[in-house]
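Fold the following.
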Amino acid sequence: MADFVGALDQGTTSTRFMIFDHGGNEVARHQLEHEQILPRAGWVEHDPTEIWERTRSVIQSAMNRANLGHADLAAVGITNQRETAVVWNRRTGRAYYNAIVWQDTRTDRIASALEREGKGETIRHRAGLPPATYFSGGKVQWILENVDGVREAAENGDAIFGNIDTWVLWNLTGGPDGGVHVTDPTNASRTMLMDLETLDWDDQLLSFFGIPRGMLPEIRPSSAPDPYGVTRADGPFGGEIPLTGILGDQQAATVGQVCFAPGEAKNTYGTGNFLLLNTGEELVRSKAGMLTTVCYKFGDARPVYALEGSIAVTGSAVQWLRDQLGIISGAAQSESLARQVEDNGGVYFVPAFSGLFAPYWRSDARGAIVGLSRYNTNAHLARATLESICYQSRDVVEAMREDSGVSLDVLKVDGGVTANELCMQMQADILGVPVSRPVVAETTALGAAYAAGLAVGFWDTTDELRRNWNEDRRWEPTWDEERRREGYAGWKKAVERTYGWVDVD
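Model (predicted):
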């Protein structure tokens, strides 16, 4: 068998390809950013053609850096920004419209209409999701209703839909020339269109959005011994490699953090934050604002479910300090600036730029900085920004405890923000539990590699993957309970100040 497994990680701001060995160690990578298209307030788009071009480039560059050919890879897995929707022509391969990104809020009227018409509870029960701008179904409906010719093309079978995993897989397997139109349950469970129990598209849910069933990809397991397809000789790998793993990015990070047992949880700190708690084969329906989602489905085994707390704006709040306010020159400077003060000086920043996701689900909320006095400086704002990441994570942990009865003993963390050691110490202080970062921080790509490698026997069992996991750093709580309680009470007051800033019909 070949010595390596590859993983394509198509994220919100960049695309990377990584190569791992049997020990789960990184062998090579290449990464490229893509444009964030912001046509108007609340709209966020990506160019699907640019994403495919970036995909080709990062694969070729990583393979060249490692001096590897296609025969050196046993399999390739795909992980992706979930909920970002593409509709394209199966005959030409051209997208009818830009990809509408998970952060986009243009479908707020669609989501509120579903609630108003009494359809919300059906969606919650069958799909495990509240009607919200976050998910793919409303985005597809918007394209069908607002882009000329797409409805007709969908009815005659030419227009097809996929999240980004489906888009890149279709292109890697030939595009208009025999491309495979497939997704997995983790991505399908983010559309508001799939029944969590049957793991199939639901005709009643499709009718709510007016989406023809023929637009949708086939749902296959997240780790598939029978490959979804193979890469093409004329593609970026230069030969045939089986494509055997697909996981949405947050589920991939859960696998990469080897959270295979019920009660194990991880938190990924990226553009947003996403905390997943493995609930095993039990489908736990949230009463506290969490999402019920598929964690993974490996081969013929029963699906494993998770509770998820999705937070829209965390790392991107630090980018906002850099790009919009100009008070830092880079993300790393947020830590040094925040260290100039001992506390937040009474300032709280709730970065509800796209409304509030879990556990509040308030599309009428917008960002607010509260508690300002003349005493405050840009250092207090930097500290409040880092604290907002941690307080939003505590909101989710509290809701998960309410739903599942599970109290965390330790929080496994990954993602770019975990390089900020002050932020991780704050997270331990605000939660009151230790925070643990692994040696391999790129757990999202690693999880996709694990899914692909398990399918072809590159790794035999999940126990083998557990042996690959090693801790790099652990942060212990230092705040006393009174400071923790007072800080969180101030945060909850600040969150209430964000409500009602936007009128939603």
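
For the rest of this, base every contact and every neighbour count on C-alpha atoms.
Will do.

got a pLDDT number for D364?
For D364, the pLDDT comes out at 89.

What residues does it make contact with?
Listed by Cα atoms under 8 Å, 6 or more residues apart in numbering, the contact partners of D364 are 355, 499-504.

what pLDDT, on average, does the lengthiest helix in the chain get?
Among the elements of the chain assigned as helix by DSSP state H, the one spanning the most residues is helix 378-404. The predicted model assigns helix 378-404 a mean pLDDT of 94.

Heading C-terminal from it, find the next helix or strand.
Stepping forward along the backbone from helix 378-404, the first helix or strand reached (DSSP states H and E) is strand 411-414.

How about residues contacting that next one?
By Cα under 8 Å, 6+ apart, the surrounding residues in contact with strand 411-414 are 253, 257, 265-269, 433-438, 441-443.

How far away from the center of its chain is it?
Computed by Cα atoms, centre = their mean, to the nearest Å, the separation of strand 411-414 from the middle of its chain amounts to 15 Å.

and that strand, which strands flank it?
Applying DSSP bridges, strand 411-414 is found paired with strand 265-269 (parallel), strand 435-438 (parallel).

CA atoms only for the shortest one, dumped as CSV, please.
Taking only C-alpha atoms (Å, rounded to 0.1, in the frame of the first residue of the first chain), the coordinates of strand 435-438 have been written out as CSV:
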residue,chain,number,x,y,z
VAL,A,435,-8.2,23.5,27.8
SER,A,436,-6.1,21.1,25.8
ARG,A,437,-4.4,21.7,22.4
PRO,A,438,-3.0,18.8,20.3
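
for the very next helix or strand once past it, packing partners?
Of the helices and strands lying after strand 435-438 in sequence (DSSP H and E), the nearest is helix 443-455. For helix 443-455, the packing partners by 3 or more Cα pairs under 8 Å, 6 or more residues apart in numbering; DSSP states H and E come out as strand 4-10, strand 14-20, strand 73-80, strand 242-248, helix 249-256.

can I get the strands paired with strand 411-414 in JSON lines with distance to L169?
As requested, the strands paired with strand 411-414 are arranged in JSON lines below (distance: least, Cα to Cα, whole Å):
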{"stretch": "strand 265-269", "distance to L169": "24"}
{"stretch": "strand 435-438", "distance to L169": "29"}
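
Now do the contacts for G23.
With the criterion set at Cα under 8 Å, 6+ apart, G23 makes contact with N468.

that older thread, and the strands paired with strand 411-414, which is most packed in?
The highest mean neighbour count among these belongs to strand 265-269 (a mean of 26), with neighbours defined as mean count of other Cα atoms under 10 Å.

That one vs helix 249-256, what angle?
Orientation check (axes from the mean of the first three to the mean of the last three Cα atoms, to 10 degrees): strand 265-269 against helix 249-256 gives 130 degrees.

got any ranges where this structure has weak pLDDT?
Low-confidence regions of the chain, defined here as pLDDT under 70, cover residues 504-505.

can you map out the helices along the stretch 1-150 of the chain?
Counting by DSSP state H, counting those that start in this stretch, one finds helices in the stretch 1-150 of the chain at the ranges 48-65, 108-116, 120-127, 136-146, 150-155.

So for N98, which of the ones you listed sits nearest?
Proximity to N98, assessed across those by Cα to Cα, is greatest for helix 48-65 (6.3 Å).

Against which helices or strands is the closest one packed?
Taking 3+ Cα pairs under 8 Å, 6+ apart as the contact definition, the neighbouring helices and strands of helix 48-65 are strand 4-10, strand 14-20, strand 26-33, helix 164-172.

among those, which is nearest G235?
helix 164-172 (6.6 Å).

helix or strand right after the closest one?
Counting by DSSP H and E, what follows helix 164-172 is strand 182-183.

Now do that following strand: which elements does it pack against?
helix 164-172, strand 218-219.

again, only using 6 Å
Based on contacts counted as 3 or more Cα pairs under 6 Å, 6 or more residues apart in numbering; DSSP states H and E, the elements that strand 182-183 packs against are strand 218-219.

Show me the contact partners of the strand it packs on.
Applying Cα atoms under 6 Å, 6 or more residues apart in numbering, the external contacts of strand 218-219 come out as 182-184.

Filter these down to the buried ones, ChimeraX style.
For selection in ChimeraX, the members of the contacts of strand 218-219 meeting the burial criterion (16 or more other Cα atoms under 10 Å) are listed in this command:
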select :182,183,184
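
Would you mind checking which of the contacts of strand 218-219 is nearest to R124?
Nearest to R124 out of those is D184 (Cα to Cα; 19.9 Å).

State the distance from V140 to T166.
In this structure, V140 and T166 are 14 Å apart, going by Cα to Cα, to the nearest Å.

same thing with F237?
Distance of F237 to T166, given as Cα to Cα: 18 Å.

These two: who's more crowded?
When F237 and T166 are compared for neighbours, T166 comes out ahead with 26 against 20, by other Cα atoms under 10 Å.
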